[in-house]
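Enquirer: Here you go, sequence then predicted model.
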Amino acid sequence: MTRLSSSCPAGVWMASLVKSGERNDVPPSTGIHPRRKAGMKRTSAEYAAGSAAVRPTLLTMLTTTVPAFFVALMLAGSQAQPLVTQTVPTDGKQVAPPTAGADIPKIRLQRLWPKAKLTRPVQVVARPDSPNLVYAVEQAGRVVELDLSNAEHEGKLVLDLTGPVHDKYNEQGLLSLAFHPKFAQTRHVFVWYTARKSGKDPSREVLARLTMAPDGTIDPATHEVLLTVEDPEWNHNGGTVLFGPDGMLYVSSGDGGSGNDPWGNGQNTETLLGCILRIDVDRTAGDKLYAVPSDNPFIGKQGVRPEIYAYGLRNVWRMSFDRKTGELYAGDVGQNAWEEIDIIVKGGNYGWRPREGFHPTSGVSDASEASDRFIDPLVEYPHKDGVSVTGGFVYRGSEYPALEGVYLYADYAFGTFWGLRAEGGALKAQPKVVVAKRGFCPASFGEANDGTLFVCGTAPGADGPGMIFKIDAVK
């Protein structure tokens, strides 16, 4: 499949028309939403993995430039507010209907480090022991250090993992990085990436630990594999590693790829696919270089991997903890109709693949109406408003009091940003469009140590230069 268009929104929107077989070649549906590389063609095997429902006429359309009238139609539809369905807290108590979001301020994006030459940045991460140093993760396998105290900073390469990282296809690559919460003592950095096949090693995702040297570089020679997850397809590779307020490491994994989860991994608790994992990287157990926390929800349960914290997820692309409440927000990329934001709770089943958003999944044999087995999203939005969600952060900085408590998220393809307010797992203020930046593909949000929020991505389109913005509230 050739690159659909140099315009990110149009290209991804057209991809969404045929993703009944393979979810938007978009964030790395994950993550980055990196787009399939320019000029890279889809193999016959990849087409075969898709749904038979894909029409030849649409496949033909994918090999051509997107017509202008489709772009206009897409942009017109993207102006609408997302459909919001009121949720009920997990304790079953009814809550008041959410407000219309009038108290959520608009935002603007302020470009940082314009001299830094970044390529497909998929994450921006703050170093916990420094007020000024942040790190841009590039999909190809590089990590670049940037200094908040120097607006002219051009970036310093501190890690090159392009050897073990496999980024041939759109959703593959170095997808996430996290610093150990006691980084000043341990100097440990953790990464999640898709690995190159070698010998008998299958397609897989890798969680690895590395150590930062005194000069600030991360030494590839310290690379140590903690966990591998075999993956049957190139797409849906999850993409976030982060530490919780409990000091445990949380990892989001995708459902294994293709489209409509043909292997049923979302509801299969004997696999580590389609899950949020929770492990203790400060201890070891048996032959593993990590331990399973004793309070994980499925310890001792037959037929359930003990590393699983929550499951029934399609492909969480970015999750974050609210630093005030400890709640875990996740953006789960949808299949053919709905994008969703979830609040992840211990032991939760979020319904994929029987459910997509608040709805039975179209075209699958196990589609389900709402059930006590499944936790519905906090909010969803339809594919007329966007096709690939990028989960964000709750703002807890001090610079903009009006933005306090607002969860910000975006759509990678359309460049639309929303804000919402939630409390105790229930929606309090409906999503409101806070800015729309057409042509910019927001791959990931980031949070500084003082609560300042960033967003990184590419423009114009997915193959444009990489850039990072600071998020400011419009006063």
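Expert: Arrived safely.
Enquirer: Return the helix or strand in the chain with minimum mean pLDDT.
Expert: The weakest-scoring helix or strand in the chain, judged by mean pLDDT, DSSP states H and E, is helix 56-61 (a mean of 28).
Enquirer: and the residue nearest to Trp338 when sequence neighbours are not counted, how many neighbours?
Expert: Nearest residue to Trp338, sequence neighbours excluded (CB to CB, 6 or more residues apart in numbering): Gly357, at 3.2 Å. All C-beta spots, glycine's among them, are computed from the backbone N, C-alpha and C. Using other CB atoms under 10 Å, Gly357 is surrounded by 24 other residues.
Enquirer: and Asp295, how many residues sit next to it?
Expert: 10.
Enquirer: I'd guess it is in a strand, am I close?
Expert: No. Using DSSP: H, G, I helix; E, B strand; the rest coil, the secondary structure at Asp295 is coil, not a strand.
Enquirer: Distance check, it against Met248.
Expert: 9 Å (CB to CB, to the nearest Å).
Enquirer: Quick check, pLDDT for the residue nearest to Trp338.
Expert: As predicted, Gly357 sits at a pLDDT of 98.
Enquirer: Looks like Ala448 contacts Leu148 (just checking).
Expert: Yes. Using CB atoms under 8 Å, Ala448 is in contact with Leu148, at 7.3 Å.
Enquirer: which residues do these two both contact?
Expert: 131, 134 (CB atoms under 8 Å, 6 or more residues apart in numbering).
Enquirer: At the geometric centre of this structure, which residue sits there?
Expert: Trp317 (1.4 Å; CA atoms, centre = their mean).
Enquirer: now the end-to-end length of stretch 138-154.
Expert: 15 Å (CA to CA, to the nearest Å).
Enquirer: go on, stretch 146-153?
Expert: Span of stretch 146-153 from end to end, CA to CA: 7 Å.
Enquirer: Check which helices and strands the longest strand seen in the chain sits against.
Expert: Longest strand in the chain, counting residues (DSSP state E): strand 218-230. Applying 3 or more CB pairs under 8 Å, 6 or more residues apart in numbering; DSSP states H and E, we find strand 218-230 packed against strand 156-160, strand 188-195, strand 204-212, strand 275-279.
Enquirer: Reformat those as TSV; add distance to Asp366.
Expert: Output for the helices and strands packed on strand 218-230, formatted as TSV (distance: least, CB to CB, whole Å):
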stretch	distance to Asp366
strand 156-160	42
strand 188-195	28
strand 204-212	25
strand 275-279	18
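Enquirer: Return the most buried member of the ones you listed.
Expert: Most buried of these, by mean neighbour count (mean count of other CB atoms under 10 Å): strand 275-279, with a mean of 25.
Enquirer: That one - which strands sit beside it in the sheet, and in what orientation?
Expert: strand 249-252 (antiparallel), strand 308-311 (antiparallel) (DSSP bridges).
Enquirer: Looking at these, spot the one closest to Arg187.
Expert: Closest approach to Arg187 among these (CB to CB): strand 249-252, 15.9 Å.
Enquirer: quick one: the longest strand of the chain to strand 204-212, angle?
Expert: Calculated by axes from the mean of the first three to the mean of the last three CA atoms, to 10 degrees, strand 218-230 forms an angle of 160 degrees with strand 204-212.
Enquirer: export the helices and strands packed on strand 218-230 to TSV and tack on mean pLDDT and distance to Ala413?
Expert: Listed next are the helices and strands packed on strand 218-230 as TSV, based on pLDDT from 0 to 100; distance: least, CB to CB, whole Å:
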stretch	mean pLDDT	distance to Ala413
strand 156-160	98	29
strand 188-195	97	21
strand 204-212	97	23
strand 275-279	98	24
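Enquirer: What is the burial count for Pro306?
Expert: Neighbour tally, Pro306, other CB under 10 Å: 19.
Enquirer: where's it relative to Thr271, distance?
Expert: 13 Å.
Enquirer: And for Ala410?
Expert: 30 Å.
Enquirer: sorry, back to before: just give the strands next to the longest strand of the chain in its sheet, each with its orientation.
Expert: strand 204-212 (antiparallel).
Enquirer: which other residues reach the partner strand?
Expert: Contacts for strand 204-212 (CB under 8 Å, 6+ apart): 158-159, 164, 183, 187-195, 218-220, 222-231, 237-238, 241, 251, 253, 281, 289.
Enquirer: circling back to that earlier point, quick one: which of the helices and strands packed on strand 218-230 is nearest Arg421?
Expert: Once these are compared by CB to CB, strand 275-279 is nearest, at 23.1 Å.
Enquirer: Helices along the stretch 101-250 of the chain, start to end?
Expert: Remark: helices assigned in the stretch 101-250 of the chain by DSSP state H, counting those that start in this stretch are 183-186.
Enquirer: show me where pLDDT drops low in it?
Expert: The stretch 101-250 of the chain contains residues with pLDDT under 70 at 102.
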